[in-house]
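Engineer: Kindly return the folded structure for what I paste below:
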Amino acid sequence: MPQDEFQSPRALGRFILREALFGSLATEGEGGYPYVSLVGVAAMASGAPVMLLSNLARHTINIRKDPRVSLLLTEKPNAPDPLVTARLTVTGKVAPVEKSEIRARYLIRHPEAAKYVNFADFGFWGLAIQHGHLVATFGKIFDLTAEELLGTGGLSWPKG
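Structural biologist: Just a heads-up that it's a prediction; the model follows:
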């Protein structure tokens with residue numbers, strides 16, 4: 001969302017949640033150290049992020065031990081310096097999501113996933129957001145609640 005269209009932290013946070021295609025997923029790894037990986041994301045009708053993950057992946061193994069995660073999402077960069085791009089970190093717990101609830105939405109955002117979405121070791125995982133931290137730009141930093149990020153009003157996302 002270009003800075004001249006910046007409406008509010010809540011609107012920008014919702015925009016990033018709904019528009020991001022990829023994010024950096026942090027899980028608790030071996031020995032308690034953070035483990036970060038790149039994952040594809042799509043938004044459910046509520047705006048909550050969903051990821052298509054392989055049961056063989058280290059991040060999924062970590063999630064099965066401790067479902068608390070952190071997910072960093074950014075808006076599409078429109079400048080050579082990625083640090084001027086708005087970014088949103090959301091924390092919460094992930095849980096499996098029924099494929100029928102998200103499959104079509106995910107494939108619209110990630111058509112290349114059609115090659116493996118039906119593999120037995122892949123499944124969808126939804127993030128129940130507990131907290132958001134938005135860095136809109138230098139000096140514009142906001143904490144957001146799950147309700148502010150997923151509530152009604154502001155930017156909406158079509159159902160279906």
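
Engineer: lowest-confidence helix or strand of the chain?
Structural biologist: helix 99-109 (a mean of 91; mean pLDDT, DSSP states H and E).

Engineer: What residues sit buried inside it?
Structural biologist: Buried residues in helix 99-109, defined by neighbour count with 16 or more other C-beta atoms under 10 Å: 102, 103, 105, 106, 109. Heads up, the C-betas are built off the backbone N, CA and C, glycines and all.

Engineer: Would you check which pair of the residues you listed lies furthest apart?
Structural biologist: Using C-beta to C-beta, the two most remote members of the buried residues of helix 99-109 are 103 and 109, lying 11.3 Å apart.

Engineer: Where does the prediction get shaky in this protein?
Structural biologist: Along the chain, the model assigns pLDDT under 70 to residues 1-7, 79, 152-160.

Engineer: What's the separation between the most far-flung residue of the chain relative to its centre and residue 62?
Structural biologist: The outermost residue of the chain relative to its centre, with distances by C-alpha atoms, centre = their mean, is residue 31 at 25.2 Å. Residue 31 sits 11 Å away from residue 62, going by C-beta to C-beta, to the nearest Å.

Engineer: Go ahead and confirm residue 44 touches residue 101.
Structural biologist: Yes - Residue 44 sits in contact with residue 101 when judged by C-beta atoms under 8 Å, with a separation of 7.3 Å.
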